[in-house]
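Participant: sequence and predicted structure, then a few things I'm wondering about:
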Amino acid sequence: MKKLITFLLLFTMAVILPIGCSNNSPNTSEVSNNNVLSIYNWSTYIAPEVITEFENKFNVKIQYDTYESNEDLYAKIKPGNPGYDVAFPGDYMVEIMVYEGLLEELNQENIPNMKNLNEKFINPPYDPGNKYSMAYQWGTMGIGYNIKATEGEINSWSTMFDPKFKGRVALLDDMRSSFSIALISLGYDPNTTNPKEINEARDFLIKNKEAIAAFAPDTGQNLLDQGEVDLTCEWSGDIFQIMKENPNLRYAIPKEGSILLTDNMVILKGSNNKELAEKFINFILEPEIGAKISNFIKYATPNQTAKDLGLIEAADLNNPAIYPPPELFAKLDYIQDVGQATTLYDEAWTEVKLGVGN
């Protein structure tokens, strides 16, 4: 996950969430723990009014901290949960966290609004039976670009490495995401465990180092908006958020295929407020609440009832870059846990960072 908004959002969050939005461990000393729900989410990945509505409805306070990557979340929780209740890991990270015993099993009787989810998000491959997670938002990885710089629409990963954009491209500072671009460009499975293919992807990225201005920590949209790059690999909602403010920006899902993300609501092992956390998850799955979030952050909703009730903005619902048509959706893959091959990716990523120099 991730995610951009502007100074206005940050200011709004600061006003609405007075008890904190930081990357530190939760501090609930000033309020009874029984009345505090500690949430750890991707940055700028919720409509601020939703937080206020939940606090008012249940007479509680929310402690809200943020992270910038699945790996940041994992690194924070793996040594021992410092006090968080709810987090929002991506699909493959849910699988890892389940395997490592970092999540609480959900009591689905406390989450009746699960019925509102589209069937595609029921019984997902990374969490059979939704024993540990409920879908929050979904989106795609693609190319954000300045149409004035490209002088027309684009739809291929190859454009990222066109010599005309030398030094004007940002990739995600995320190992699996950046390797996915290289692997897909080479015609390989983005979840390959084949050492030869992983090394070819490594060499591909290093070969194209002249194109790469930066590996951005989920802030490529900022670089694009500020004119520091012309193209960036980013998550769909991040680009659509800034497109509202910059008419020259566009988003494309490359024709070769890309990555599908589903961020999920989970309860972390050691949560002090499991029942309240389940109330929060159920609250988010209300169609009106789910729609408010998706309409605000410009990611796709997994909430079918919200769509059926006409609560999703029509412009978003009819946008194929937010809700891809079936033929393009078929070319999207989840990032999956590659097990022991993770070491191969780690080693290759280190070589890429050294070889590219960013």
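Facilitator: Great, that's in hand.
Participant: give the next helix or strand downstream of the one helix or strand in the chain whose mean pLDDT sits lowest.
Facilitator: For the chain, scoring each helix and strand by mean pLDDT, DSSP states H and E identifies helix 7-16 as the least confident one, at a mean of 39. Remark: after helix 7-16, the chain's next helix or strand is strand 36-42, criterion DSSP states H and E.
Participant: ok, and what's touching that following strand?
Facilitator: Strand 36-42 has contacts (C-beta atoms under 8 Å, 6 or more residues apart in numbering) with 1-3, 26, 28, 54, 60-68, 73, 76, 83-88, 263, 268, 273, 276-277, 280. No exception for glycine: its C-beta is placed from N, CA and C like everyone else's.
Participant: then stretch 214-221?
Facilitator: By C-beta under 8 Å, 6+ apart, stretch 214-221 touches 1-4, 43, 68-69, 144, 170-174, 178, 222-223, 228-229, 232-235, 238-239, 241-242, 353, 356, 358.
Participant: now it: how far from the chain's centre is it?
Facilitator: Centroid separation for stretch 214-221 versus its chain: 13 Å, with C-alpha atoms, centre = their mean, to the nearest Å.
Participant: I'd like the average pLDDT over that stretch.
Facilitator: Averaged across stretch 214-221, the pLDDT comes to 91.
Participant: show me how far the top helix by length along the chain is from its chain's centre.
Facilitator: Ranked by residue count, the top helix of the chain under DSSP state H comes out as helix 342-356. Distance of helix 342-356 from the chain centroid (C-alpha atoms, centre = their mean) equals 22 Å.
Participant: in it, which residues are buried?
Facilitator: Of all the residues in helix 342-356, those buried under the rule 16 or more other C-beta atoms under 10 Å are 344, 345, 348, 349, 352, 353, 356.
Participant: looking at this protein, which strand is longest?
Facilitator: Looking across the chain with DSSP state E, the single longest strand is strand 134-146.
Participant: packing partners for that one?
Facilitator: Counting contacts by 3 or more C-beta pairs under 8 Å, 6 or more residues apart in numbering; DSSP states H and E, strand 134-146 packs against helix 220-225, strand 231-235, helix 236-243, strand 249-252, strand 258-267, helix 287-297.
Participant: what's the most buried one of these?
Facilitator: Mean neighbour count, computed with mean count of other C-beta atoms under 10 Å, is highest for strand 231-235 among the helices and strands packed on strand 134-146, reaching a mean of 29.
Participant: what's the angle from it to strand 134-146?
Facilitator: 170 degrees (axes from the mean of the first three to the mean of the last three C-alpha atoms, to 10 degrees).
Participant: need the contact partners of strand 231-235.
Facilitator: Contacts for strand 231-235 (C-beta under 8 Å, 6+ apart): 1-3, 139-146, 149-150, 154, 159-160, 165, 168-172, 177-178, 181, 216, 218, 220-221, 223-224, 239, 251, 261, 299.
Participant: would you list the buried entries among these?
Facilitator: Among the contacts of strand 231-235, those classed as buried by neighbour count (16+ other C-beta under 10 Å) are 1-3, 139-146, 150, 154, 159-160, 165, 168-172, 177-178, 181, 216, 218, 220-221, 223-224, 239, 251, 261, 299.
Participant: out of everything not next to it in sequence, what's closest to residue 270?
Facilitator: residue 81 (4.0 Å; C-beta to C-beta, 6 or more residues apart in numbering).
Participant: and the one you found, how far from residue 134?
Facilitator: The gap separating residue 81 from residue 134 is 19 Å, by C-beta to C-beta, to the nearest Å.
Participant: between those two, point out the one with more neighbours.
Facilitator: A count of neighbours by other C-beta atoms under 10 Å puts residue 134 above the other of residue 81 and residue 134, at 25 against 21.
Participant: that one contacts residue 114, doesn't it?
Facilitator: Yes - applying C-beta atoms under 8 Å, one finds residue 134 in contact with residue 114, separated by 6.3 Å.
Participant: what do the two both touch?
Facilitator: If you check residue 134 and residue 114 against C-beta under 8 Å, 6+ apart, the residues they both contact are residue 285.
Participant: so where's the protein shaky on pLDDT?
Facilitator: Along the chain, segments meeting pLDDT under 70 span 1-33, 358.
Participant: so which elements touch the helix or strand that contains residue 62?
Facilitator: Assigned by DSSP H and E, residue 62 falls within strand 61-67. Under the contact criterion of 3+ C-beta pairs under 8 Å, 6+ apart, strand 61-67 touches strand 36-42, helix 48-58.
Participant: after it, which helix or strand is next? Please name it.
Facilitator: helix 70-77.
Participant: what is the subsequent helix or strand relative to that following helix?
Facilitator: On the C-terminal side of helix 70-77, the closest following helix or strand by DSSP H and E is strand 86-87.
Participant: buried ones in stretch 326-336, by neighbour count?
Facilitator: Buried positions in stretch 326-336, judged by neighbour count with 16+ other C-beta under 10 Å: 328, 332, 333, 334, 335, 336.
Participant: just those: which are in strands?
Facilitator: Those of these mapping onto strands are 332, 333, 334, per DSSP E.
Participant: excluding sequence neighbours, find me the nearest residue to the first one.
Facilitator: What sits nearest to residue 332 in space, not counting adjacent residues and going by C-beta to C-beta, 6+ apart, is residue 260, at 3.8 Å.
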